[in-house]
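>>> Dropping a prediction and its sequence here:
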Amino acid sequence: MIRRLRPKLDPKKPFVAISSESSLDFKTGAQRSEKPVFINKVAPCRHACPIGINIPAAFHLASNGDFDGALQVYLQDNPLPGVCGRVCYHPCESKCNRGEYDDPVNIRSFERFLADNGHVDVTTLLRPSTSSKSVAVVGSGPAGLSAAYHLARMGYNISLFESRPALGGMLRYGIPRYRLPRSVLDKEIDRFLDLGVEVKLNTTVGDSLPWSSLDEYDAVFLSTGLHYGKRLFPSSGLQDRIFTGVDFLSDRESSPLKDAGEKTLIIGGGNVAVDVARTLLRIRCGQGNGITLVCPESREQMPALPDDLVEAMEEGLDVHNGWAPVELKEGAQRPIAVGFRQADVERDETTGQIAVRPVGDACRQYEADHMIVAIGQELDAGMLPEQVQVSSGRIVINSFGRTSRAGFFAGGDAAGNKAFVADAIAGGKLGAMAIACFFQDEDVKEQFKEYQLGMSKSFSFQHFMQRQLMESENLKQVVGFDQINTLFFPPHPRVSPSKAAVQTRKTAFTEVVNGIHPAEMSLEIARCFNCGTCIDCGNCMDFCPDMSILEDAESGIYDFDADYCKGCGACSVACPRNIIEMERDTG
């Protein structure tokens, strides 16, 4: 009988196996049936952004204190971050994955913070070019500014024509200063001058300057906007007391409506109507008793931005929902009397057009000394050049902004884009791509498809300029909430900006919403999941049992050591942001 002797172990001195040879001799990679793949993807916020800004990349740079670099990321696609950081309807936040965890990240305030605190020399964003091609951009609203900016970055010679004394279009002449300070707009516009854009003010193409004068240009981008307000009861004899919302906002200084003792009826439920009411409140030094806003939409259906509507309610404005105007009772004497009928609204989510239908037989009458109509804007089609087709009050374009006239492109709300600043900027950006492809005899459809973000209507302009995609990038794959490992993200409430006191802001045009303090913004920056964007957190290295994760010191791109990675998948599970996926190893 053979006795097996076991060593006696001292419990105070644990037994440790020690090898005198290197474990590198054991190539565990032979066990692998799957391998990790490192791919940066598209975050849902970027996918939802009409402009296609690489939001997670900007948050990553800002988390390291590089606000200039973060702003540069924004400027690769959006030339107006200071504007959008104040007036954008921020669809990015509605799709933010963090919203399914606690609260969406405050992306709009972050964009404003970068624009207010970051500094970028935009000439560093120029692509070296010796092109002699020139483009005339007609109209300097957000679409025109965007097209001019991106085309100038690509090295083309740009002339920007504006009929008014200053650049900005509706940004300057339509959005009140308490939402968008003029100093902010001027700072943004200065970037265009730095890019060498030629500006021609007080020049109305089609009037003071004939369209034939633009024959010397190789392409024309039309961004004329919708500057004519729609009218109600145009045949009445009371037009000296009935104004449009856009006319009032563009020239409020000479408005005859400053008398707080007079009643003013505002008709409309969109941003212009709410801006009119709040502007009128301010020029009347906070006295709003004589201001009444009536619209056919319910409170929930009103197309005005919810934040602005809440602020209007805080300021005590009187809003009557569910009533549509049907009759103007004429008379030479004051007041104006308008008959309304109870109504409901159906909205086309694609076009934004509404259909008003009566509900029941209820009627009411409103009386006022003056009336301001803010029910939409119209195109001045008579000022457009020949052969540019117009339909349903908009310039007809194809999917990439090309009009019916050769060499003419268009964007912004004049061409049917949504009536939001971000969508106008996106239209200008797309027009810039289309014109560049036109010059280079390329298929714009194929170029857009190559750099399209997921299935969205936007694309990466930076990749289009560089004409290359890295192997570690996939612009088609969007990261969902179920692909985020939330174990690595502690809950934290959303940081929101403060606002000026109601009684103070009602009497002045100072900005209502304040910027977020840097200390608080650092907390909000830390809340970002950085979905689909590698931020070098090192989790994959920390959790790999074979120490087989490799990082290229120059590019920062991760890979795996094929000799030792056994395909266990620990790295993909530990990756908080869905950068790492496991795929079948057929090698």
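Received the coordinates, thanks. From a predicted model like this one, the values you see are computed outputs, not experimental measurements.

>>> measure the residue most central in space within the chain to residue 39 for me?
Per Cα atoms, centre = their mean, the C-alpha nearest to the average position across the chain is that of residue 422, at 4.1 Å. Spatial separation of residue 422 from residue 39 under the definition Cβ to Cβ, to the nearest Å is 28 Å. From N, CA and C alone the C-beta is placed, and that goes for glycine too.

>>> Residue 480 now?
Applying Cβ to Cβ, the value for residue 480 to residue 39 is 15 Å.

>>> Neighbours of residue 431, how many?
Residues near residue 431, counting by other Cβ atoms under 10 Å, number 32.

>>> in what helix or strand does it lie?
helix 421-439 (DSSP states H and E).

>>> pull the CA atoms of that helix into PDB?
The C-alpha trace of helix 421-439 is given here as PDB (Å, rounded to 0.1, in the frame of the first residue of the first chain):
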ATOM      1  CA  VAL A 421     -32.500  77.300 -36.400                       C
ATOM      2  CA  ALA A 422     -30.900  73.900 -36.200                       C
ATOM      3  CA  ASP A 423     -32.700  72.600 -39.200                       C
ATOM      4  CA  ALA A 424     -31.800  75.700 -41.200                       C
ATOM      5  CA  ILE A 425     -28.100  75.200 -40.300                       C
ATOM      6  CA  ALA A 426     -28.400  71.600 -41.400                       C
ATOM      7  CA  GLY A 427     -29.900  72.700 -44.700                       C
ATOM      8  CA  GLY A 428     -27.000  75.000 -45.300                       C
ATOM      9  CA  LYS A 429     -24.500  72.300 -44.400                       C
ATOM     10  CA  LEU A 430     -26.200  69.900 -46.800                       C
ATOM     11  CA  GLY A 431     -26.200  72.500 -49.500                       C
ATOM     12  CA  ALA A 432     -22.500  73.000 -49.000                       C
ATOM     13  CA  MET A 433     -21.900  69.300 -49.600                       C
ATOM     14  CA  ALA A 434     -24.100  69.400 -52.700                       C
ATOM     15  CA  ILE A 435     -22.300  72.400 -54.200                       C
ATOM     16  CA  ALA A 436     -18.800  70.800 -53.500                       C
ATOM     17  CA  CYS A 437     -19.900  67.600 -55.200                       C
ATOM     18  CA  PHE A 438     -21.300  69.700 -58.100                       C
ATOM     19  CA  PHE A 439     -17.900  71.400 -58.500                       C
END
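
>>> Centre of the chain to that helix, how far?
Chain-centre distance of helix 421-439: 14 Å, with Cα atoms, centre = their mean, to the nearest Å.

>>> show me where the stretch 401-550 of the chain has strands.
408-410, 473-478, 549-551 (DSSP state E, counting those that start in this stretch).

>>> now swap in the stretch 1-150 of the chain and tell me
Under DSSP E, counting those that start in this stretch, the stretch 1-150 of the chain gives strands at 34-38, 40-42, 134-138.

>>> And the stretch 251-400 of the chain, by the same measure?
264-267, 291-295, 318-321, 323-329, 336-347, 354-368, 370-373, 377-378, 390-391, 394-395.

>>> Quick one: low-confidence residue ranges for the stretch 351-500 of the chain.
351-352 (pLDDT under 70).

>>> try 80
Applying pLDDT under 80 to the stretch 351-500 of the chain picks out residues 351-354, 417, 468-471.

>>> Would you mind giving me the confidence score for residue 16?
Looking at residue 16, its pLDDT is 62.

>>> coming back round to it: I'd like to know which of the strands of the stretch 1-150 of the chain has the weakest mean confidence.
Taking the mean pLDDT of the strands of the stretch 1-150 of the chain, strand 34-38 comes last: a mean of 93.

>>> Helix or strand: which one has residue 232?
Secondary structure assignment for residue 232, by DSSP H and E: no helix or strand.

>>> Tell me, how many residues neighbour it?
Applying other Cβ under 10 Å, we find 16 residues neighbouring residue 232.

>>> Excluding sequence neighbours, find me the nearest residue to it.
What sits nearest to residue 232 in space, not counting adjacent residues and going by Cβ to Cβ, 6 or more residues apart in numbering, is residue 373, at 4.9 Å.

>>> isn't the residue nearest to the centre of the chain right next to residue 50, touching?
Yes: counting by Cβ atoms under 8 Å, residue 50 is a contact partner of residue 422 at 4.6 Å.

>>> could you measure residue 448 against residue 564, distance?
From residue 448 to residue 564 the distance is 42 Å (Cβ to Cβ).

>>> any low-confidence regions in the chain?
Using pLDDT under 80, the chain drops low at 1-26, 128-130, 234-239, 252-255, 330-334, 347-354, 417, 468-471, 553-556, 587.

>>> now the angle from the helix holding residue 431 to strand 134-138?
150 degrees (axes from the mean of the first three to the mean of the last three Cα atoms, to 10 degrees).

>>> which other helices and strands contact helix 421-439?
Counting contacts by 3 or more Cβ pairs under 8 Å, 6 or more residues apart in numbering; DSSP states H and E, helix 421-439 packs against helix 81-87, helix 142-153, strand 219-222, strand 408-410, helix 444-451, helix 461-466.

>>> for those, which one ends up most surrounded?
Stretch with highest mean neighbour count among those: helix 142-153 (a mean of 30; mean count of other Cβ atoms under 10 Å).

>>> Please identify the buried residues of whichever helix or strand comes after that helix?
Downstream of helix 142-153, the next assigned helix or strand under DSSP H and E is strand 157-161. Under the neighbour-count criterion of 16 or more other Cβ atoms under 10 Å, strand 157-161 has 157, 158, 159, 160, 161 buried.

>>> cool, and stretch 228-239?
Residues of stretch 228-239 classed as buried by neighbour count (16+ other Cβ under 10 Å): 229, 230, 232, 233.

>>> who's in contact with that stretch?
Identification of contacts with stretch 228-239 by Cβ atoms under 8 Å, 6 or more residues apart in numbering yields 242, 244-247, 267, 272, 325, 328, 330, 332, 336, 371, 373-380.

>>> quick one: contacts for the spatially closest residue to residue 495 that is not a sequence neighbour?
Computed as Cβ to Cβ, 6+ apart, the closest residue to residue 495 that is not its neighbour in sequence is residue 524, at 4.1 Å. Taking Cβ under 8 Å, 6+ apart as the criterion, residue 524 is in contact with 105, 106, 109, 110, 494, 495, 516.

>>> now do residue 59
Residue 59 neighbours (Cβ under 8 Å, 6+ apart): 70, 105, 110, 525, 528, 530.

>>> Among those residues, which one has the most neighbours?
residue 70 (28 neighbours).

>>> doesn't residue 55 make contact with that one?
No: counting by Cβ under 8 Å, residue 70 stays clear of residue 55, with 9.8 Å between them.

>>> quick one: residue 317 from residue 336, how far?
20 Å.

>>> what do you get for residue 34?
75 Å.

>>> More neighbours: which of these two?
residue 336 (23 against 16).

>>> Please look at that one and residue 368 and confirm they touch.
Yes: here residue 336 reaches residue 368: they are 5.4 Å apart, a contact under Cβ under 8 Å.

>>> Could you tell me which residues touch both of the two?
Common neighbours of residue 336 and residue 368 (Cβ under 8 Å, 6+ apart) are residue 265.

>>> before we move on, the earlier item: tell me who's in contact with the residue nearest to residue 232.
Counting by Cβ under 8 Å, 6+ apart, residue 373 touches 229, 230, 231, 232, 242, 243, 244, 245, 267, 268.
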